[in-house]
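Chemist: sequence and computational prediction follow.
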Amino acid sequence: MKAKFIGKSLIELDAVSSTNEYALDLIKNDIVAEGLIVFAKYQTSGKGQKDNFWESEKSKNLLLSIILHPNFVKVEEQFLISKAVSLAVADFVNTKVDKVSIKWPNDIYVDDRKISGILIENTLSGNIISNTIVGIGLNINQIDFISDAPNPVSLKLLTGKTYILDDCINQLSFFIEKRYKELNNDFNKTNFDYLKSLYLFNFFNLYEAKGERFVAKIIDVENNGELILETRQKEIRKYFFKEVSFLNLK
């Protein structure tokens with residue numbers, strides 16, 4: 001189980017402000033081979049979704065960015081990249097534990113606890129995606145979380161085992177390359193598997209948008225990232241990221 005081009009080149013850093021920012025600087029200054037991984041033992045200002053900070057104890061977790069050139073993906077369907085990467089991370093976690101799902105748009109959950117966050121940044125050139133930086137934070141060996149994140153978990157907390165980070169990078173690279181190639185060949189399978197893996201897909205749950213709370217179920221996610229909800233009254237509602245929040249249905 002070994003990737004051919006994802007991770008073939010790897011830059012390992014003791015500490016960096018953000019692996020995504022480091023990768024972006026590489027792209028700005030040179031042509032970077034597809035599949036290059038920037039891996040850091042520690043991030044001083046690791047980025048998450050909504051400008052959140054990704055907490056990670058030094059040398060305990062995977063903090064990495066992967067450079068891709070997905071020029072086969074249409075700009076208006078760029079969320080397909082997020083779907084493929086989310087599936088790959090879920091594939092990796094599934095080799096260690098059960099009950100893994102993807103919480104829209106691209107957080108990886110085990111039961112109701114978050115084990116990984118993904119931040120994807122695309123560089124557009126006209127109607128072409130020239131570069132994509134895939135940032136992944138994946139909790140591996142950390143057992144104490146001090147931030148106010150509500151539900152973090154790690155593989156070690158779930159299994160009691162300690163994992164070798166280099167092995168985890170190699171395994172994760174394999175799954176990302178597999179899903180990336182699959183996306184290039186047949187994005188219908190990517191869509192099908194993403195929905196099948198989606199947290200709360202086709203289950204009624206409480207949501208909030210523009211101050212209104214309502215009960216609905218996820219029925220689809222468009223290739224532009226739009227979440228499609230259906231209320232109990234059969235009303236269809238559509239939201240982009242940050243426009244709607246998941247709440248607990250009591």
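Modeler: Structure's in. What do you need? Numbering: from 1, shown residues only.
Chemist: surely I219 meets T231?
Modeler: No. Using Cβ atoms under 8 Å, I219 is not in contact with T231; the gap is 10.5 Å. Placement of C-beta: from N, CA and C, glycine included.
Chemist: and K238, how close does it get to A216?
Modeler: Relative to A216, K238 is positioned 11 Å away (criterion: Cβ to Cβ, to the nearest Å).
Chemist: more neighbours: which of these two?
Modeler: The residue with more neighbours, out of K238 and A216, is A216; 22 against 12, by other Cβ atoms under 10 Å.
Chemist: which neighbouring elements make contact with the helix or strand in which that one is found?
Modeler: Assigning secondary structure by DSSP states H and E places A216 in strand 212-221. Applying 3 or more Cβ pairs under 8 Å, 6 or more residues apart in numbering; DSSP states H and E, one finds that strand 212-221 makes contact with helix 187-197, strand 204-209, strand 227-231, strand 236-239.
Chemist: please tabulate these in TSV, including the columns distance to F72.
Modeler: TSV is the format used below for the helices and strands packed on strand 212-221 (distance: least, Cβ to Cβ, whole Å):
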stretch	distance to F72
helix 187-197	9
strand 204-209	33
strand 227-231	24
strand 236-239	26
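Chemist: tell me which of the ones you listed lies nearest to Y180.
Modeler: Counting by Cβ to Cβ, Y180 lies closest to helix 187-197 out of those; the figure is 9.7 Å.
Chemist: list the buried residues in the closest one.
Modeler: Using 16 or more other Cβ atoms under 10 Å as the test for burial, helix 187-197 gives 187, 190-191, 193-195, 197.
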